[in-house]
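Undergrad: Below is the sequence, then the predicted model.
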Amino acid sequence: MTKKKPLAENQMLVSILASVISIAVGLLFGFILLLILNPSKAGVGMSAMLTTGFGSLDKFGKVLYQAAPLMLCGLSVGFAFKTGLFNIGASGQYTMGAFFALIGAIVLQLPWWACLLLSCIGGGIWGIFPGLFKALFNVNEVITSIMFNWIGMFLVNLLLANMPTMLASAWGASNSDRTADLNAANPSAIIPKAGLDKLFGNSPWINISVFIAIGVAILMWFILQKTTFGYELKACGLNKEASRYAGINANRNIVLSMIIAGALSGLGGGLYYLAGTIQYVLEKSVLGMGFDGIPVALLANSHPIGTIFSSLFISYIKVGGSAMQPNFSSETINIIIAVIIYLAAFALLMRGLIVKLLKKLTRKSEKEVSA
Amino acid sequence: MLHITKEFPGIKANDDITLQLKRGEIHALLGENGAGKSTLMSVLFGLYQAEQGEIRKDGKPVHIKDPNEANRLGIGMVHQHFKLVECFTVLDNIILGVEDTRHGFLQYDSARKKVMELSEKYGLRVDPDALISDISVGMQQRVEILKMLYRDNEILIFDEPTAVLTPQEIQELMDIMRGFKEEGKSILFITHKLAEIMAVADRCTVLRKGQYVGTVNVADTTREELSRMMVGREVSFDLDKKAKNVGDVILSVKDMVVASKAHNNNAVKGVSFDVHAGEIVCIAGIEGNGQTELIYGLTGLEPLKNGTITLCGKDITHASIRDRSKAGMSHIPEDRHKHGLVLDYTLEQNMVLQRYWEPEFQNHGVIRSQEVRKYAEKLIERFDVRSGQGPVTIARSMSGGNQQKAIIAREIDKDPQLLIAVQPTRGLDVGAIEYIHQQLLAERDAGRAVLLISLELDEVRSLSDRILVIFEGEIVGDFEKAEMEELGLYMAGAKRKGKGAAK
């Protein structure tokens, strides 16, 4: 008999299976919640959540469009996590990235790719601070990055309020609570659609951003897995003392890792606001996109390639969620989405269970064979 | 325990092992690292489930599915790595899991009374209100023992209890164990130190590579016999040591002062010494006399407050750790889990921990994984590092001895001018110790300078060409050859010689 590798030891399979089962459990709980809240509409609501994304090409375009910034925020959180840092400041970095991108687009009149580059720089700058505080004074990065979320948001609001040329009112629109529409201000800054809009039934959402994000995810995987830099970063994350013993400059790596994480979130902000469909509105609360990056990263176990799929999933249920609107309030929908994401993040727990189960099964079959 | 079999991925940790423990005996379990001793005990303690075999207590078969079940059966265990909550007090740790409560409130007074009674009865000195993080390793162990007694356990498992203790503490522990025996408690004593078995155990069961070798009466056997059973071949306790051929000064330390982390005084107070090529210099002393800080200062993990370090004529006092490594320093660290290994990295990743940046292993920042694999396989072969899945084994899953071998392989293969080995044989079996000693001697004979820090006097005496005794951060003795007793006096600070004697 040829010896096959036991199923329980196939890491890849177990991981994927665990994520899928967790998602299924999450959806089930979401459905139960819907039944409790509004039994008559639960079926309709659930099917709206599950089918909208694939229902029309337009909506599917939106899924892809939203997945791109989610993916980058997820990569940002996941990348920092691999270095042993919890980057809860993706939101501030995302806001900064968006701000830098829009300055490039509206004030400097740069093309889209230069604006994206600027968004990376903006996010990166915002990542430096928590990194430096951690490296120099050992201040917990969670605290600093939360504070920098708020500092970032209010700073951007303040700056925008004092930059009349940035606002929509300067470009032929009447409202001054948001930035200018890029179609009016600088069409060259809009991320190209590369004919994808034709493919997706003239969806206004779709552009190449999701491919940029996937490219970045693959790049991150390469950096973490194949380079000495990634080797150092992971060593710092897993055992800071041992990496010091090996002569790795842990402090330098902490700062670098936070800069990269910031740049990723910032790029997410750039991709989102340079699509030409959405304008940055002066908000009073921190943008949720950065926080959504946390479940994206958790669901993918911080693996860059996994992040591609987890962000697509979360984007999908978000688009589906908004289609439940008339029957359920937006707060309810947020709760349902939160429940699904929350349970989906149980993937790790599920892994342990699956391994146990598979072992039991193989043992049973072995016994039968030997008997 | 009858016919126990336990498998792990790629390895049969226990293969048909039978062990019978009598009431009121001290039963030693002997075997090399990775022989399956700890696994067998974990099965008994309910941490693992055996695939085959059964466990009986007082003739009745029992099923131990978790440590709580083991506790109910009166089985307690002191783990090799203590299982204590660092930020809890001693008393909290002892009652953890079996707290007496009334209306949901902890009954500290009665618990304290019971703990103090036990403490006095068996001579287990502890301070019930001290935090675990503040007390010595020896006291932590006493806390673990009290935990078992507090639960009225009758079968006490000690997993390599002496590995972390000083000679005096070992003596105390032996007395305590004899006390338990008189009380009618049964003790399972896991170790690979033959002297301890001869001193305290009644019977001894030997395992080798997961298999049962035999059970013997300690009174009817000898050290040599036991080590032959354990290793499967003759082991020489005497090293074949060639005459030394001393060369130039490799390492020169002048007036080194290193601050202490634990208190405000300096841990190393103006130490000066040289190490030459082709000699093994040993720093002997009782734990906590500044050895750790001395090494941290030498290797760059802690900054010096004063003094200079010269390696091969180059001043490295302020050099970074990486630069020291490049200048020819290799370091086998004291704590292999904290410093020596990234436990969640694979074996091959750990093998290149000091060298991944060299052109041999990377090309423009991209790791040449095939070269890494080849190199790891070479080291595994040459240094006989055993693991479940070869180069891709996660370091955490390897036995302590093989983890240590991996570190030694990595550090020796770096071709250092100076090899610093800090307690390189701590917690290892005679086979591995013999091997590591031979490696250290081979390095010396190849003309390298070796600085050895050890707490084991036997090791100090058999290996070193020169012995420096450290006491309270100062070198109080410098010997070419020394008698055990004399060394002991210096280590205890009762005698001084050389510079220190002037004071």
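TA: Yep, it's here.
Undergrad: Run a quick neighbour tally on B:Thr215.
TA: The number of residues packed around B:Thr215, counting by other CB atoms under 10 Å in any protein chain shown, is 16. For the C-beta atoms, the positions are set from N, CA and C on the backbone; glycine is no exception.
Undergrad: I'd like to know how far it sits from chain A.
TA: B:Thr215 sits 30 Å away from chain A, going by CB to the nearest CB, to the nearest Å.
Undergrad: Name the residues of stretch A:322-341 that come out as buried.
TA: A:322-324, A:327-328, A:332-333, A:335-337, A:339-341 (16 or more other CB atoms under 10 Å in any protein chain shown).
Undergrad: Using JSON lines, lay out the residues you listed together with secondary structure.
TA: JSON lines is the format used below for these (DSSP: H, G, I helix; E, B strand; the rest coil):
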{"residue": "A:Ser322", "secondary structure": "helix"}
{"residue": "A:Ala323", "secondary structure": "coil"}
{"residue": "A:Met324", "secondary structure": "coil"}
{"residue": "A:Asn327", "secondary structure": "coil"}
{"residue": "A:Phe328", "secondary structure": "coil"}
{"residue": "A:Thr332", "secondary structure": "helix"}
{"residue": "A:Ile333", "secondary structure": "helix"}
{"residue": "A:Ile335", "secondary structure": "helix"}
{"residue": "A:Ile336", "secondary structure": "helix"}
{"residue": "A:Ile337", "secondary structure": "helix"}
{"residue": "A:Val339", "secondary structure": "helix"}
{"residue": "A:Ile340", "secondary structure": "helix"}
{"residue": "A:Ile341", "secondary structure": "helix"}
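Undergrad: in the stretch 1-150 of chain A, which spans are strands?
TA: Ranges of strands in the stretch 1-150 of chain A, per DSSP state E, counting those that start in this stretch: none exist.
Undergrad: and the residue of chain A nearest chain B?
TA: Closest to chain B within chain A is A:Gly247: 3.2 Å, counting by CB to the nearest CB.
Undergrad: what's the helix or strand for that residue?
TA: For A:Gly247, there is no host helix or strand (DSSP states H and E).
Undergrad: domain ranges for the chain?
TA: Picking chain A for this. A:1-38+A:330-371, A:57-327 (automatic domain parsing).
Undergrad: wait, I meant chain B there
TA: According to automatic domain parsing, the ranges for chain B are B:2-231, B:249-328+B:416-502.
Undergrad: would CSV of the ones you listed with distance to A:Phe346 be doable?
TA: Shown next, in CSV, are these (distance: least, CB to CB, whole Å):
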stretch, distance to A:Phe346
domain B:2-231, 23
domain B:249-328+B:416-502, 38
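Undergrad: Would you format the ones you listed as JSON lines with mean pLDDT included?
TA: Below are the domains of chain B laid out as JSON lines (pLDDT from 0 to 100):
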{"stretch": "domain B:2-231", "mean pLDDT": "81"}
{"stretch": "domain B:249-328+B:416-502", "mean pLDDT": "83"}
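Undergrad: Pull out the buried residues from stretch B:37-57.
TA: Neighbour count says stretch B:37-57 has B:37-48, B:50, B:53, B:55, B:57 buried, by 16+ other CB under 10 Å.
Undergrad: measure that stretch end to end?
TA: Stretch B:37-57 has an end-to-end distance of 19 Å (CA to CA, to the nearest Å).
Undergrad: How far away from the center of its chain is it?
TA: Relative to its chain's centre, stretch B:37-57 lies at 24 Å (CA atoms, centre = their mean, to the nearest Å).
Undergrad: And stretch A:164-180, by the same measure?
TA: On CA atoms, centre = their mean, the centre of stretch A:164-180 falls 29 Å from that of its chain.
Undergrad: Can you pick out the ones from the buried residues of stretch B:37-57 that are in strands?
TA: Counted as lying in strands by DSSP state E, out of these, are B:53, B:55, B:57.
Undergrad: mind checking how far the first one is from B:Leu353?
TA: When distances are taken as CB to CB, to the nearest Å, B:Gly53 and B:Leu353 turn out to be 39 Å apart.
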